[in-house]
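In: I need the structure of the sequence given here:
(one chain, ligands or ions: 1)
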Amino acid sequence: MTLSHGFSHLAMPGPTVIPDRVLQAMHRPSPDIYSGELVDQSDALYNDLKRVANTNGDAIIYIGNGHAGWEGALINTLQPGDRILALYTGRFGRGWAQMAEALGVEIESLDFGSNSPVDPDRVEAALRADTQHRLRAVITVQTDTSTSIRNDIPAIREAIDNAKHPALFMVDCIASLGCEPYHMDAWGVDVTVAACQKGLMTPPGLAFNFLNAKAKARQAELTHVSQYWDWAQRLKEEHFYQKFSGTPPTHHLFALREALNMIHEDGIEQVWRRHSVFAETVWAAVDAWSEDGPLRLHIPNPEHRSTAVTTIVAGDGNGPRIRQWCIDKLGVTLGYGLPIGELASDRPDNLFRIGHMGHVTPTGLLGSLGCVDAALTALDIAHGDNALNCATNKIASSITD
Ligand SMILES: *Cc1c(COP(=O)(O)O)cnc(C)c1O
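Out: Numbering: from 1, shown residues only. Purely as a prediction, here's the structure:
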């Protein structure tokens, strides 16, 4: 017996729910790629994209996923033999550094474990110890989607400044752009990496690099940059050969255009507030489940939690059981656990994740929580029984006018 029918619902941390408006924006014939609407809308598209990151720097759009954005940022700032400081708070920080290593970059890493954020004091100490200024960049992740840790980006900037270190500061905002407050320029970030399929509600396929003057100056010092990834090429005017190094991703650009319309119609501050209320709603439910049985929030301190995704400890083997039951019986797809640490409770089998990023609606969110609640009962997993009440109380108390 299953009750799954009609629309299936994605509650995982990327790809995310695509709004109807975005889907419809793609439902059109192929456009001319040399002139006309696609080219005419280009400047405004880049500007509106930069507004989401709060930067007056430059934006680059690659055809690719988040990994492509990582590679673009690395190739334009580093060369083999360079050394960087990589800050780990989960799987994604580590993954980006591994990619740098494969490009011949030496990695010095600081690991902050799976449930606490980057400690700026350790970053400052590591940078002070680098008296020769061999470290060319500090790389980190704003929201590490595996652990659901959110790092304090301005605090890391302050650590770099306190150490008077010239390293570039590069931040992965793939999971957090359009979800968590982010002020690239005000926070002194030199390179931001993002992608379109999480907070930006667009089908996977576009990766973004945002860069400031310091990052561009660093790029100009490199002796070789692969032509396809080259920021300098892509910042030129000509649309076809330069901006996209070949055919532009036509329908993705129309989709992104519509997604940015939606974000700016609401206002980015309102989009951030909504993510924060929805995150607190999920936390209220999980805290209530944790009153009895094995479930609990993976990140104990609310200030260290992402408002885009929540990692939940569910007890041995329960993560995949809950997830599969929700897919099979109710048509809701939760995020699965990723390997995030050495502890037994950090094993993927113990975890599942709820993505609450992008086009999350109140019905979608409360529906997902209700489905998990039903799964716990059906699978006979002990849990506190007041979770849905706590979730709706949180929603009710958040709406004060
Ligand atoms: C999703 C994600 C990535 C990887 O993005 P892909 O599109 O899967 O390549 C990298 N970093 C973070 C923080 C992510 O959430």
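In: Sort out which residues of the one helix or strand M99 maps to are buried, please.
Out: Element membership for M99, per DSSP states H and E: helix 91-102. Using 16 or more other Cβ atoms under 10 Å as the test for burial, helix 91-102 gives R91, F92, G93, R94, G95, W96, A97, M99, A100. All C-beta atoms are positioned from the backbone trio N, CA, C, and that covers glycine.
In: With stretch 211-229 instead?
Out: L211, N212, A215, K216, R218, Q219, V225, W229.
In: neighbours around the closest residue to the last one other than its chain neighbours, how many?
Out: It refers to W229. Nearest residue to W229, sequence neighbours excluded (Cβ to Cβ, 6 or more residues apart in numbering): I75, at 4.6 Å. Using other Cβ atoms under 10 Å, I75 is surrounded by 21 other residues.
In: Please export the C-alpha coordinates of stretch 282-300 as PDB.
Out: Only the C-alpha atoms of stretch 282-300 are listed here, as PDB (Å, rounded to 0.1, in the frame of the first residue of the first chain):
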ATOM      1  CA  VAL A 282      12.300  22.200  11.400                       C
ATOM      2  CA  TRP A 283      14.400  22.500  14.600                       C
ATOM      3  CA  ALA A 284      11.300  22.800  16.700                       C
ATOM      4  CA  ALA A 285      10.000  19.600  15.300                       C
ATOM      5  CA  VAL A 286      13.300  17.700  15.700                       C
ATOM      6  CA  ASP A 287      13.700  19.000  19.300                       C
ATOM      7  CA  ALA A 288      10.200  17.600  20.100                       C
ATOM      8  CA  TRP A 289      11.000  14.200  18.400                       C
ATOM      9  CA  SER A 290      14.200  14.100  20.500                       C
ATOM     10  CA  GLU A 291      12.100  14.100  23.800                       C
ATOM     11  CA  ASP A 292      12.000  10.300  23.400                       C
ATOM     12  CA  GLY A 293      14.100   7.900  21.300                       C
ATOM     13  CA  PRO A 294      17.100   8.400  19.100                       C
ATOM     14  CA  LEU A 295      16.400  11.500  17.000                       C
ATOM     15  CA  ARG A 296      18.200  14.700  17.600                       C
ATOM     16  CA  LEU A 297      19.600  17.700  15.800                       C
ATOM     17  CA  HIS A 298      23.200  17.100  14.700                       C
ATOM     18  CA  ILE A 299      24.400  20.700  15.500                       C
ATOM     19  CA  PRO A 300      23.700  21.400  19.200                       C
END
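In: before we move on, back to that, nearest to the ligand, of the buried residues of helix 91-102?
Out: Nearest to the ligand among the buried residues of helix 91-102, counting by Cβ to the nearest ligand atom, is F92 at 3.8 Å.
In: what sits against the closest one?
Out: V141, D144, T145, S146, D172, I174, A175 (Cβ atoms under 8 Å, 6 or more residues apart in numbering).
In: Next, count neighbours for the residue of the chain found nearest the ligand.
Out: Nearest residue of the chain to the ligand: G66, at 2.3 Å (Cβ to the nearest ligand atom). Residues near G66, counting by other Cβ under 10 Å, number 25.
In: unless I'm mixing things up, L369 is touching L388, no?
Out: Yes. Using Cβ atoms under 8 Å, L369 is in contact with L388, at 6.4 Å.
In: Now do the shared contacts for the two.
Out: A285.
In: and the closest residue to H67 other than its chain neighbours, what does it touch?
Out: The shortest distance from H67 to any non-neighbouring residue, by Cβ to Cβ, 6+ apart, is to M99 (7.2 Å). Applying Cβ under 8 Å, 6+ apart to M99 gives the contacts H67, W70, E71, L74.
In: Now the two most distant members of those residues.
Out: Using Cβ to Cβ, these span at most 10.7 Å, a distance reached by H67 and L74.
In: Who has more neighbours out of the two?
Out: Neighbours were counted for H67 and for L74 using other Cβ under 10 Å; L74 has more, 25 against 15.
In: That one contacts A102, doesn't it?
Out: No. Taking contacts as Cβ under 8 Å, L74 lies outside contact range of A102: 9.4 Å.
In: hang on, the earlier thing: could you take the contacts of F92 and lay them out as CSV, with extra columns for secondary structure and neighbour count?
Out: As requested, these are exported to CSV (DSSP: H, G, I helix; E, B strand; the rest coil; neighbours: other Cβ atoms under 10 Å):
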residue, secondary structure, neighbour count
V141, strand, 31
D144, strand, 32
T145, coil, 28
S146, coil, 30
D172, strand, 28
I174, coil, 30
A175, coil, 30
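In: Using CSV, lay out the residues you listed together with pLDDT and distance to the ligand.
Out: Converted to CSV, the contacts of F92 look like this (pLDDT from 0 to 100; distance: Cβ to the nearest ligand atom, whole Å):
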residue, pLDDT, distance to the ligand
V141, 98, 5
D144, 97, 6
T145, 97, 3
S146, 97, 8
D172, 98, 5
I174, 98, 4
A175, 98, 3
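In: if we take the residues you listed, which one ends up nearest to Q324?
Out: Using Cβ to Cβ, the contacts of F92 come closest to Q324 at S146, 19.7 Å.
In: where exactly do the strands run in this structure?
Out: 9-11, 58-63, 83-88, 106-111, 135-141, 143-144, 149-150, 168-172, 191-195, 206-211, 296-297, 309-313, 332-336, 351-355 (DSSP state E).
In: Now do the fourth one and helix 91-102, the angle between them.
Out: Counting by axes from the mean of the first three to the mean of the last three Cα atoms, to 10 degrees, strand 106-111 points 160 degrees away from the direction of helix 91-102.
In: Send me strand 106-111 as PDB with only the CA atoms.
Out: In PDB, the C-alpha atoms belonging to strand 106-111 read as follows (Å, rounded to 0.1, in the frame of the first residue of the first chain):
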ATOM      1  CA  GLU A 106      49.600  21.900  -1.600                       C
ATOM      2  CA  ILE A 107      47.000  21.800   1.200                       C
ATOM      3  CA  GLU A 108      47.400  22.900   4.800                       C
ATOM      4  CA  SER A 109      44.200  22.000   6.500                       C
ATOM      5  CA  LEU A 110      42.400  22.800   9.800                       C
ATOM      6  CA  ASP A 111      39.600  20.300  10.700                       C
END
